[in-house]
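1. fold the following, please.
(chains A and B)
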Amino acid sequence: MDYIFTGFIQAFQLLFSGDEQTYSAIFVTVRVTSYSMAVSLLTGIPLGFMLGHFEFKGKRSLRLLVDTALALPTVFIGLVVYAFLSNRGPLGHMGLLFTLPGIAIGQTILALPIVTALTAAAVEGMDRHLRTTLVSLGADRRQLLLSSLWEVRFSITAAALTAFGRVMTEVGISMMVGGNIKWHTRTITTAIALETNKGLFGMGIALGLVLLMIAFAVNLSVALVNKR
Amino acid sequence: MKKGIVAGFIACLLMGMFSNASLGAEKVLMMATTTSTDNTGLLDYLAPAFTKATSIDLRWTAVGTGKALKMGENCDVDVLLVHAPAAEKKFVDAGFGTKRRELMYNDFVIIGPASDPAGIKGLPIGKAMTGIQKSKALFVSRGDNSGTNKKEILLWKNAGMAVPDKDLWYIQTGQGMLATIQIAEQRKGYTMTDRGTYIKYSHNSGGKPALKVIVEGDPILLNQYSAIAINTGNCPKAKFDLAMAFSDWMAGSEAQQMIKDFRLLGQQLFTPNAK
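-> Got it, this is the predicted structure:
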């Protein structure tokens, strides 16, 4: 049982001694998460907003589709992306297998439905009176759109953080598409899987705590920004 | 404020693309290998010397031999370092690989609890396998089509038995060698491992492993590791020159001596035997 306690101590040692492998995994994780989050937010927020704000034919089916995609298992995404990026697959010529952009494609498939669905839900759930009030105050279409977006900013932040949490902690996609290559595609989660495989539980727990600390730092900074 | 965050993301993205582009200029050799060469730390130990000698950046993904061969067939890697001679020969005959070269070996051992519930200690391998089956002592298998798994299946067959599958005493983990040993330890069962990984496990357990070597020494337990270059006839883009540079370097005197010197707990994990 002592490996649980040693894990805690090791986590701090790894972080503060500047352990090269740990920092490589942290850097890889942050980089790949930034790619996938950037793409998911830039496309997911407008998509979700349209899905929640406008009325159009087939909207309900589209919502159903996006909501179903929330349950996509990461190993399945990993397998499909691997099959597409493999040199025998349709996108093999792009040479994205075992690279960070390759992992980011899979993670975007994971995060995009989350951002879209939660943004759409927030926009739909917005106070209906707001619209009437704004129109009666003489707001034009553009102003109506922008003030609605501003009104749901906290919900969108929550959507972004939820997606971020899933992307940063997933292991199936990173393992299958990235191949867990040391110094290149080894993320914190694939490193944990590897250390556990090796029976080095202390090291695995330490890396898990490192991941939690990063999540805490991100959430804290978002909370501070929102407060201002 | 939101603009700042978005700008930050875009900056990260551009930075990432830029650094990726610069990485592409190096000579990168992609290898698929078995879990034992990675889990033991052998590759971590050899790779820097290889890069120093050839200025090739060696990157590997550690999977079972079955999956490694599949990755080679799909042209996702340039070279293989694997240990399932029969499957390797088929792979080469099918035109997927070429220039198979034997590099080093160790041996497989049956390990289990010191109490030896099946009473097979020191028996010849065939009798040991039937002994496990008759006493229904727990046996933990990789069950993942890896080189080790292929050898284990061969041992059941050679002992004149059907390969166990749904039997209650037979557990298939589908995981790597060290993970499988951990499961065998937790469940107090037998398992088969290559000696290198067993020594690594003993090392991780502080030199006091719960599972001991029960059966060893039969010639059939020899575990040969070989490098195979991916055939450019099947995969035109495979980096054949780099693959051969790796194969040649591994067979050279520097690497062979390094393999010989790679020790844990004072024991040698792999024996070099390149011709």
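
2. what parts of chain A come near chain B?
-> A:31, A:34-35, A:37-38, A:41-42, A:86-88, A:92, A:97-101, A:153, A:179-182, A:184, A:196-200, A:225, A:228 (Cβ under 8 Å from any Cβ of the partner chain). (C-beta placed from N, C-alpha, C; glycine too.)

3. redo that, cut-off 7 Å
-> With the criterion set to Cβ under 7 Å from any Cβ of the partner chain, chain A comes near chain B through A:31, A:34-35, A:37-38, A:86-88, A:97-101, A:179-181, A:184, A:197-200, A:225.

4. buried ones among these?
-> Neighbour-count burial (16 or more other Cβ atoms under 10 Å in any protein chain shown) applied to these gives A:31, A:34-35, A:37-38, A:86-87, A:97-101, A:179-181, A:184, A:197-200.

5. A:Val28 against A:Ile188, yeah?
-> No - with contact defined as Cβ atoms under 7 Å, A:Val28 does not reach A:Ile188; the gap is 8.1 Å.

6. how many other residues sit next to the closest residue to A:Val152 other than its chain neighbours?
-> What sits nearest to A:Val152 in space, not counting adjacent residues and going by Cβ to Cβ, 6 or more residues apart in numbering or on different chains, is A:Ala122, at 4.4 Å. Applying other Cβ atoms under 10 Å in any protein chain shown, we find 21 residues neighbouring A:Ala122.

7. from the residues of chain A next to chain B, which land in strands?
-> Judged by DSSP state E, strands contain none of the residues of chain A next to chain B.

8. what's the first helix or strand after the longest strand anywhere in chain B?
-> If you go by DSSP E, chain B has its longest strand at strand B:97-113. Once the chain leaves strand B:97-113, the next helix or strand it forms, by DSSP states H and E, is helix B:125-135.

9. picking up where we left off before, among the residues of chain A next to chain B, name the ones in helices.
-> A:31, A:34-35, A:37-38, A:100-101, A:197, A:225 (DSSP state H).

10. most widely separated two among those?
-> A:Asn197 and A:Val225 (38.6 Å; Cβ to Cβ).

11. in which helix or strand does the nearest residue to A:Gly165 once chain neighbours are set aside reside?
-> Nearest in space to A:Gly165, with sequence neighbours left out and distances taken as Cβ to Cβ, 6+ apart, is A:Ala215 at 6.6 Å. Taking DSSP H and E as the criterion, A:Ala215 maps to helix A:201-227.

12. packing partners of that helix?
-> Here helix A:201-227 touches helix A:2-16, helix A:20-53, helix A:153-169, helix A:188-197, going by 3 or more Cβ pairs under 7 Å, 6 or more residues apart in numbering or on different chains; DSSP states H and E.

13. for chain A, which spans come out with low pLDDT?
-> By pLDDT under 70, the weakly predicted segments of chain A are A:1, A:228.

14. B:Ala227 pairs with what?
-> B:Leu81, B:Arg101 (DSSP bridges).

15. now do the contacts for it.
-> For B:Ala227, the contacting residues are B:79-81, B:101, B:103, B:246-247, B:250, by Cβ atoms under 7 Å, 6 or more residues apart in numbering or on different chains.

16. mind running it again at 8 Å?
-> B:79-81, B:100-101, B:103, B:243, B:246-247, B:250 (Cβ atoms under 8 Å, 6 or more residues apart in numbering or on different chains).

17. which one of these has the most neighbours?
-> Neighbour counts for the contacts of B:Ala227 peak at B:Val79, which has 28 neighbours (criterion: other Cβ under 10 Å).

18. which secondary structure element contains the closest residue to that residue other than its chain neighbours?
-> Take B:Val79 and drop its neighbours on the chain: the residue closest to it by Cβ to Cβ, 6+ apart is B:Ala243, 3.8 Å away. For B:Ala243, the host element (DSSP H and E) is helix B:240-251.

19. and that helix with strand B:97-113, angle?
-> 50 degrees (axes from the mean of the first three to the mean of the last three Cα atoms, to 10 degrees).

20. rewinding a little: what's the burial count for the residue nearest to A:Gly165?
-> A:Ala215 has 15 neighbouring residues, counting by other Cβ under 10 Å.

21. next one: it from A:Lys227, what distance?
-> In this view, A:Ala215 and A:Lys227 are 19 Å apart by Cβ to Cβ, to the nearest Å.

22. helices of the stretch 51-200 of chain B, residue ranges please.
-> Secondary structure of the stretch 51-200 of chain B (DSSP state H, counting those that start in this stretch): helices located at B:65-73, B:85-93, B:125-135, B:147-158, B:177-187, B:195-204.

23. which ones are touching residue 154?
-> You didn't say which chain, so I picked chain A. A:Asn226.

24. that's the other chain; I wanted chain B
-> Per Cβ under 8 Å, 6+ apart, neighbours of B:Leu154: B:Ile220.

25. redo that, cut-off 10 Å
-> By Cβ atoms under 10 Å, 6 or more residues apart in numbering or on different chains, the contact set of B:Leu154 is B:84, B:86, B:163, B:220.

26. burial of the closest residue to the first one other than its chain neighbours, as a residue count?
-> Which is B:Ala84. Of all residues not flanking B:Ala84 in the chain, B:Gly147 sits nearest, at 3.9 Å (Cβ to Cβ, 6+ apart). Other residues lying near B:Gly147 total 29 when counted by other Cβ under 10 Å.

27. roughly how far does B:Gly147 sit from A:Val30?
-> Taking Cβ to Cβ, one finds B:Gly147 at 36 Å from A:Val30.

28. check whether A:Phe12 really touches A:Thr22, as I assumed.
-> No - A:Phe12 is beyond contact range of A:Thr22, at 11.3 Å (criterion: Cβ atoms under 10 Å).

29. who has more neighbours, these two?
-> Each of A:Phe12 and A:Thr22 has its neighbours counted (other Cβ under 10 Å); A:Thr22 has more, 21 against 13.

30. how about the contacts made by that one?
-> Taking Cβ under 10 Å, 6+ apart, one finds A:10-11, A:13-15, A:188, A:191, A:203, A:206-207, A:210 in contact with A:Thr22.

31. go again using 6 Å as the cut-off
-> Residues in contact with A:Thr22 (Cβ atoms under 6 Å, 6 or more residues apart in numbering or on different chains) are A:Leu14.

32. and if you look at B:Ala53?
-> So B:Ala53 contacts nothing (Cβ under 6 Å, 6+ apart).

33. how does it look with 10 Å?
-> Here B:Ala53 is in contact with B:245, B:249, B:252, B:254-255 (Cβ under 10 Å, 6+ apart).

34. okay if I get the residues you listed as a markdown table plus distance to A:Leu220?
-> Output for these, formatted as a markdown table (distance: Cβ to Cβ, whole Å):
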| residue | distance to A:Leu220 |
| --- | --- |
| B:Ala245 | 49 |
| B:Trp249 | 49 |
| B:Gly252 | 53 |
| B:Glu254 | 51 |
| B:Ala255 | 49 |
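
35. state the pair within these that is farthest apart.
-> Pairwise distances across the contacts of B:Ala53 (Cβ to Cβ) peak at 13.2 Å, for the pair B:Ala245 and B:Glu254.

36. list residues touching both of the two?
-> By Cβ under 10 Å, 6+ apart, B:Ala245 and B:Glu254 have these common neighbours: B:50, B:53.

37. enumerate every residue touching A:Gly102.
-> Shown in contact with A:Gly102 (Cβ under 10 Å, 6+ apart): A:32, A:81-82, A:84-85, A:91, A:94-96, A:173-174, A:176-179, A:185.

38. which one of those is nearest chain B?
-> Checking the contacts of A:Gly102 against chain B with Cβ to the nearest Cβ, the nearest one is A:Gly179 at 3.5 Å.

39. so that closest one sits against A:Leu194, correct?
-> No - using Cβ under 10 Å, A:Gly179 is not in contact with A:Leu194; the gap is 11.5 Å.

40. overlap of the contact sets of these two?
-> Common neighbours of A:Gly179 and A:Leu194, using Cβ under 10 Å, 6+ apart, are A:186, B:62.
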